[in-house]
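K.L.:
Based on what follows, work out the 3D shape:
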Amino acid sequence: MDFFETQDVARKHTGRLVVLFVLAVLGIVVSTYLLVAGVLVFSGHGGGARHLTDPALLALIGGGTLLVVGGGSLWKLHQLRGGGRVIAEHLGGRLLVSAGADWKVQRLLNVVDEMAIASGIPAPAVYLLPEEHGINAFAAGYTPQDAVLGVTQGCLERLNREQLQGVIGHEFSHVLNGDMRLSLRLIGVLHGILIIGLLGYGVLRMLGTGRGVRVGGGRRGNSKGGGGIAAVFAIAIGLMVIGFVGVFFGNLIKAAVSRQREYLADASGVQFTRNPGGLAGALRAIGAVPGGSQLAAPNAAEASHMYFAKGLSAGLQSMFATHPPLPERIRRLDPSWDGTFPELPEQPSDADVADAEVGAGVAALAGRGVTDEPRAWRLDAGAAGQRAVERAGRPRPEHVDLAAELIGSLPAELREAAREPWGARGVVFALLVHRDGAAREAQLLRLKHLADAGLAEFTRSLLPATEALPHASRLPLVDLAIPALRALSPAQHSEFIATLDDLFAADGALDLFEWSLSRVLRRHLASAHAPVAPPRASRRTLADLQTEVAVVLSALARAGAGPGAPDGTEACRTEAAPTGRPAAGGNGDGNASEAAAAAALQRAAATLSLPGLALRPRAECATTLLDLALDALAGLHPLRKRELLAACAACVVADGQVRIEEAELLRAFADALQCPLPPLLPAGRAA
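P.N.:
Below is the predicted model:
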């Protein structure tokens, strides 16, 4: 399956989960009603057998059960509204802001950064579980916006770089395949069902500790009171049984769904790295160490279906195995495996050796000409457009190599600054400061008034590094800074966004990079301080949203049709639209530019079978209207998003070349549609 098909399957699994939850609740309602009615009949309570068909009793029991189960699920989901961060912190995770002197943490952060850039998504926050010595990891969150990766200390201590890359690739597959949201909902659903059993247990405790009443004897009461206590006791036992049965079947559902998603993540992770030996080696390491992949956290069972490998010890929980057997997973990756788990070699202790290993994925790959990349790439239009769609959410090893090169080309001061909140703000501001002296000083002066003087001076100190930065490295640098920016306090976040808007408006125009940067930052920082619901799935088709489709494709077509040298920075500078906001197209004037834009749009329209699609006037491509169009299109069915993204790619490559500014704009559009695109591979680099 490709990215869009896996997203569709994840949606279907979510739909099935809702259906199964409704059926489970109905079963609990009926069981509870029969339990109460049966107890009333056999206890000789007035009414006799009529209780079995009493609509008032059914309404009372049904309403109460729905309140308990539904309330329990909603309460748990409310607890999880903060996304993956909540799971990581409940398991004892510690957010990694910087590596410091720990080379193993630095190696982990490097691997995560490479995978993130190769995937086309901002680097997720990384949590270390320092008290967990088993080899395990997890990805948690509702969307890539709030995704976090959790890694145990055992992973750092026992895995080499190749094996660690296999584990992280597996977890990134969960992020890209849409598994995380399903996993969080499973936690909420099962908690609601569990509440019934907990309610029965609570009643039993009350009976056993209640003043003047003991279940096993004690103060005598009249026969009627004793019969009432016995009835309540029977109901409590029955609720515990019903709750246990509900959780039993709920866990079976969780296990069945999770096992299939684990196989898919293994396959996707291998496709990511093209190195089954790394992932298989990590699985063999689990079998070779005492404790394997077990987690010791008290809440480990709740999130058992989210781990890289089984996180619970053998026993009752093994009846609900959320992961395929370890030998079966290994043999799928390495058919020649002999079934043994050899003892793991000692990890290097010498820091110099370790640093060399850490740099193998970054500095050793740098210098292959990233800084010398042309500003425009000649591509075969048809093949390039098709590859862009095929690779959405499905990065290849070539993308990982390119990501390592991009990271290696970043100056150390920028990489270090991007990892902590204060420095990350300076990095973003430095990327937006003009090269023109007068405009630069005006922006820095405004920055000093809007932020603090120290941050303005720090931004100034980063300017030589950001000005020398290759254009292809700008958005990847922003991706690396997003986890740190998400750690800003609410007040700092508001100040940061206000300062961004002021810097954007400094010259009265918004170029393609600035708009792309603004869109990516706003989308991925929006959920840092307030839960942001993913776009609702819509039944609307591309034909229903033809106006929005036309706006998006027209903006892309105009961006690629502007005159001027392909490597000129001003070639992508926008003009002010009549709305007062700059337009998102290129600055092309004249009939030649209009004809080129119209031809590009028709090339895109031919892939959609929308005969009425036509180039929109420049005023209708203003960024305000473009934002609204993308928000409406974000709710499309995944398979319709594939069609739209294919049209966008066809539009961009219609002239046989792609400028970096066009690639950045296409990536921003895909990000808005929640379809992450890997970085564009220059000619000759594609597999």
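
K.L.:
Show me how far the helix of greatest length in the chain is from its chain's centre.
P.N.:
When the chain is parsed with DSSP state H, its longest helix is helix 223-273. Distance of helix 223-273 from the chain centroid (Cα atoms, centre = their mean, to the nearest Å) equals 27 Å.

K.L.:
Who are the packing partners of that helix?
P.N.:
When contacts are defined as 3 or more Cβ pairs under 8 Å, 6 or more residues apart in numbering; DSSP states H and E, helix 223-273 packs onto helix 3-42, helix 161-177, helix 179-209, helix 276-288, helix 326-333, helix 397-409. (Each C-beta comes from the backbone N, C-alpha and C, glycine too.)

K.L.:
any chance of those in CSV, with distance to Q106, mean pLDDT and mean neighbour count too?
P.N.:
What follows is the helices and strands packed on helix 223-273, written out as CSV (distance: least, Cβ to Cβ, whole Å; pLDDT from 0 to 100; neighbours: other Cβ atoms under 10 Å):
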stretch, distance to Q106, mean pLDDT, mean neighbour count
helix 3-42, 30, 72, 17
helix 161-177, 11, 89, 26
helix 179-209, 26, 77, 20
helix 276-288, 19, 89, 22
helix 326-333, 27, 88, 17
helix 397-409, 12, 83, 23
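
K.L.:
where's stretch 456-469 relative to the chain centroid, distance-wise?
P.N.:
In terms of Cα atoms, centre = their mean, the centre of stretch 456-469 is found 31 Å from the chain centre.

K.L.:
Let me see the ranges of the helices in the stretch 551-687 of the chain.
P.N.:
Counting by DSSP state H, counting those that start in this stretch, the stretch 551-687 of the chain has these helices, from start to end: 590-605, 623-633, 638-652, 660-672.

K.L.:
Out of those, the one nearest P325 is which?
P.N.:
helix 638-652 (31.2 Å; Cβ to Cβ).

K.L.:
What angle do helix 660-672 and the closest one make with each other?
P.N.:
Put simply, helix 638-652 runs at 170 degrees to helix 660-672, going by axes from the mean of the first three to the mean of the last three Cα atoms, to 10 degrees.

K.L.:
C-alpha coordinates for helix 638-652, PDB please?
P.N.:
Taking Å, rounded to 0.1, in the frame of the first residue of the first chain, the C-alpha atoms of helix 638-652 are listed here in PDB:
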ATOM      1  CA  PRO A 638      -7.000  10.300   1.500                       C
ATOM      2  CA  LEU A 639      -7.500   8.900  -2.000                       C
ATOM      3  CA  ARG A 640      -8.800  12.300  -3.200                       C
ATOM      4  CA  LYS A 641      -5.800  13.900  -1.700                       C
ATOM      5  CA  ARG A 642      -3.600  11.700  -3.800                       C
ATOM      6  CA  GLU A 643      -5.300  12.900  -6.900                       C
ATOM      7  CA  LEU A 644      -5.000  16.600  -5.800                       C
ATOM      8  CA  LEU A 645      -1.300  16.200  -4.900                       C
ATOM      9  CA  ALA A 646      -0.600  14.500  -8.300                       C
ATOM     10  CA  ALA A 647      -2.100  17.500 -10.000                       C
ATOM     11  CA  CYS A 648       0.000  19.900  -7.900                       C
ATOM     12  CA  ALA A 649       3.100  18.000  -8.800                       C
ATOM     13  CA  ALA A 650       2.200  18.000 -12.500                       C
ATOM     14  CA  CYS A 651       1.700  21.700 -12.300                       C
ATOM     15  CA  VAL A 652       5.100  22.300 -10.700                       C
END
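
K.L.:
Which elements pack onto that helix?
P.N.:
When contacts are defined as 3+ Cβ pairs under 8 Å, 6+ apart, helix 638-652 packs onto helix 3-42, helix 381-390, helix 546-560, helix 590-605, helix 660-672.

K.L.:
Can you pull the domain assignment for this protein?
P.N.:
Domain segmentation of the chain under automatic domain parsing yields 3-81+185-257, 84-182+263-333, 377-394+533-672, 397-525.

K.L.:
Reformat the ones you listed as CSV; add distance to P678.
P.N.:
CSV is the format used below for the domains of the chain (distance: least, Cβ to Cβ, whole Å):
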stretch, distance to P678
domain 3-81+185-257, 11
domain 84-182+263-333, 5
domain 377-394+533-672, 5
domain 397-525, 4
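
K.L.:
which of those sits most buried?
P.N.:
Here the criterion is mean neighbour count by mean count of other Cβ atoms under 10 Å, and of the domains of the chain the winner is domain 84-182+263-333, at a mean of 22.

K.L.:
could you measure the closest residue to H133 other than its chain neighbours against L312, distance?
P.N.:
What sits nearest to H133 in space, not counting adjacent residues and going by Cβ to Cβ, 6 or more residues apart in numbering, is G154, at 4.6 Å. As defined by Cβ to Cβ, to the nearest Å, G154 lies at a distance of 15 Å from L312.
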